[in-house]
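Chemist: model this:
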Amino acid sequence: MGDRWTGLLHGLVGNKAAPADVLLRLLGHEDEWVRRAVARRAVLPQEVIEAVLVHPDRGVRAAFAENAGADPDQRARLVDDPAPGVHLALAIGPMPYRQRVAPLPDWAYERLLNHPKALVRQELVTWGGTPAHVLAGLADHEEPLFRQAACRAWYRLADEARERLLDDEDPDVRQAAALRVCHEDEERTTWLVDRLGEAWPVGEVLAKGRLTRELAERVVAEGERLAAIAGNPSLPRDLVARLAVDPDPLVRLQVSARPELSESERAAIDFTVGAEDRLPVLDWVWERREDAAFLRECARSPHTWLRRSAAVCPGLPSDTVELLAQDEDFAVRLLLAEFHPEPPPELLLDLYLHGTHRAVGMLVTRPGFPAAGLAARFGDSPDPVSRRLALRDPGMEPELLDRLSRDPQTRAYAARDPRLPVARIRELLADPDPEATAGAQAAAANPALPAEDMRRLLDRAGV
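Modeler: The predicted model follows:
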């Protein structure tokens, strides 16, 4: 089969209106990607699910095991699959970006926890999808890795279980438990720092663990992990003052964002925040993410890091939202647009049109992204990115939609629009020009394409 036909089938797999018989035929296609893409669809008719669960291609069944949109009760049926590799995929589970996945039923976790293959059991408790109530039940498990996983459900554990884990015979379990309490336990903070050496978690321990005077002085004297310790809440004030004038600009930046400092004290520190600096949300700001008065202060701070941290907090009052929407720092505006439940529509549009950051493409999916009037504003724009916005306008004229479906730079976007007449969708599907392949593939994904056309397409493709 030629690449053109494969592309059309790829488009058809993503067609939300594809009926069950079309999807069943695609499940039998020779192209591995096509088969497995069917199993990854968020919505599948029950008869297609039944076919997926017994499909001869193990990869199809594994793809369904990792489907974030699938009903977890249906995914759980794969516990009885004959292939351990499918059980492994089920144990690892879906890992979508910033999307919460419904957990499997408890009986499925019980089966996987007792799986004969050690790797399946291990992956189940290693990855983050296993619910906390399941992990909490592992606190007294005979395998250390399981007890270690139970520490991720620390706040669900009884005090007695926590004490047992903190004194566990296995040092890795003790480490996992100590990481949960080091912010209030000097002794365990010191033990963790000595045990970890240069290993990755030591930075987190030095940033959040409760420090003894001796440990703090030792780390400062060594001079190797100063950026980690510079923001620690328990760092003695004289050491804070010393690090405020450290030669390393990253250390000075960390000191400048300490919660106890006044704005004048921050201003006295020589620090900079670059436009491309990737800074985490400050813990002490996030802890007060619903405190409107506090967030208002952070949003008015001259310190860019405080304003960036405030921008992601859901408790921002409306006047502060408007203030941050005009912020001089691009990252502040982008974070506000990305995380606030109701970002200003014009901010979303402005960032989309003028931003160069790779994240701006997701802005069209945010609630409140403007739609009405975009056709009149951008339908004739010389910029193709702006012209595509016209397709979001519910009042767009049919003539403009037709024109955009013939524009090489907007054709693939217009071809998916369900308002496009069926006759034009068919023209796009039949266009043999290699330059129009993307448009044809998008037309195959158009939900306005009649089911009989989908079937004819499969017939002609030999599926």
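
Chemist: contacts and neighbour counts: CA atoms only from here.
Modeler: Fine.

Chemist: so how far is L124 from L88?
Modeler: If you measure L88 against L124 using CA to CA, to the nearest Å, the figure is 8 Å.

Chemist: who's more crowded, these two?
Modeler: Legend: neighbour count by other CA atoms under 10 Å for L88 and L124, higher for L124 (25 against 22).

Chemist: Now do the phi/psi pair for the residue lying closest to the more buried one once chain neighbours are set aside.
Modeler: Spatial nearest neighbour of L124, excluding adjacent residues (CA to CA, 6 or more residues apart in numbering): A91 at 4.5 Å. Per-residue torsions, A91: phi -70, psi -40 (degrees, to the nearest 10).

Chemist: Show the contacting residues for A91.
Modeler: A91 is in contact with L112, V120, R121, E123, L124, counting by CA atoms under 8 Å, 6 or more residues apart in numbering.

Chemist: Tell me where the stretch 1-150 of the chain is predicted with low confidence.
Modeler: For the stretch 1-150 of the chain, the stretches with pLDDT under 70 are 1-2.

Chemist: hey, where'd the helices end up in it?
Modeler: Ranges of helices within the stretch 1-150 of the chain are 3-13, 20-27, 32-39, 46-53, 58-65, 72-76, 84-92, 106-113, 118-126, 132-136, 144-150, based on DSSP state H, counting those that start in this stretch.

Chemist: Confirm for me that D393 is in contact with F369.
Modeler: No - counting by CA atoms under 8 Å, F369 is not a contact partner of D393; they are 10.8 Å apart.

Chemist: Looking at the two, which is more packed in?
Modeler: Neighbours per residue (other CA under 10 Å) separate D393 from F369, with F369 holding more: 20 against 17.

Chemist: before we move on, could you check phi and psi at the nearest residue to the more buried one once chain neighbours are set aside?
Modeler: Spatial nearest neighbour of F369, chain neighbours left out: P345 (5.1 Å); criterion: CA to CA, 6+ apart. The phi/psi pair for P345 (degrees, to the nearest 10) reads phi -60, psi -40.

Chemist: and P345, how many neighbours?
Modeler: By the measure other CA under 10 Å, the count of residues near P345 is 16.

Chemist: Now do the contacts for it.
Modeler: Taking CA under 8 Å, 6+ apart, we find P345 in contact with G368, F369, P370.

Chemist: Distance-wise, check it relative to L335.
Modeler: Distance of P345 to L335, computed by CA to CA: 14 Å.

Chemist: cool, D159 as well?
Modeler: Per CA to CA, D159 is found 38 Å from L335.

Chemist: And the strands in the protein, which stretches?
Modeler: Taking DSSP state E, the chain contains no strands at all.

Chemist: Go ahead and confirm L145 touches R121.
Modeler: No - counting by CA under 8 Å, L145 stays clear of R121, with 9.7 Å between them.

Chemist: and these two? which has more neighbours close in?
Modeler: Higher neighbour count among L145 and R121: R121, with 22 against 17, using other CA under 10 Å.

Chemist: wait, isn't that one in contact with L113?
Modeler: Yes - with contacts counted by CA under 8 Å, R121 reaches L113, the gap being 5.2 Å.

Chemist: what do the two both touch?
Modeler: By CA under 8 Å, 6+ apart, no residue touches both R121 and L113.

Chemist: re the thing from before, which of the contacts of A91 sit farthest apart?
Modeler: L112 and E123 (9.8 Å; CA to CA).

Chemist: Compare those two (neighbour count), which wins?
Modeler: More neighbours surround L112 than the other of L112 and E123, with 23 against 19 (other CA under 10 Å).

Chemist: residues in contact with the more buried one?
Modeler: Contacts of L112 by CA under 8 Å, 6+ apart are V79, H87, A91, V120, R121, L124.

Chemist: And those residues, which is closest to D31?
Modeler: The closest of those to D31 turns out to be H87 (CA to CA; 23.6 Å).

Chemist: Quick check: closest non-adjacent residue to that closest one.
Modeler: V79 (6.0 Å).

Chemist: That neighbour is in contact with L113, isn't it?
Modeler: No - V79 is not in contact with L113 according to CA under 8 Å; the separation is 11.1 Å.

Chemist: number of nearby residues for L334?
Modeler: Neighbour count for L334, taken as other CA under 10 Å: 26.

Chemist: actually W305, not the one I wrote
Modeler: If you count neighbours by other CA under 10 Å, W305 ends up with 26.

Chemist: Pull the contacting residues for it.
Modeler: A257, V273, L279, V281, L282.

Chemist: Q409 reaches P382, doesn't it?
Modeler: No - assessed by CA under 8 Å, Q409 is found out of contact with P382, at 10.7 Å.

Chemist: if you count what's nearby, which of those two comes out ahead?
Modeler: Set Q409 next to P382 and count neighbours by other CA under 10 Å: Q409 wins out with 16 against 9.

Chemist: residues in contact with the more buried one?
Modeler: Contacts of Q409 (CA under 8 Å, 6+ apart): P384.

Chemist: returning to that earlier point: and A423, which of the helices of the stretch 1-150 of the chain is closest to it?
Modeler: Closest to A423 of those is helix 3-13 (CA to CA; 16.9 Å).

Chemist: Flag every buried residue along that closest one.
Modeler: By neighbour count with 16 or more other CA atoms under 10 Å, helix 3-13 contains the buried residues R4, W5, T6, G7, L8, L9, H10, G11, L12, V13.
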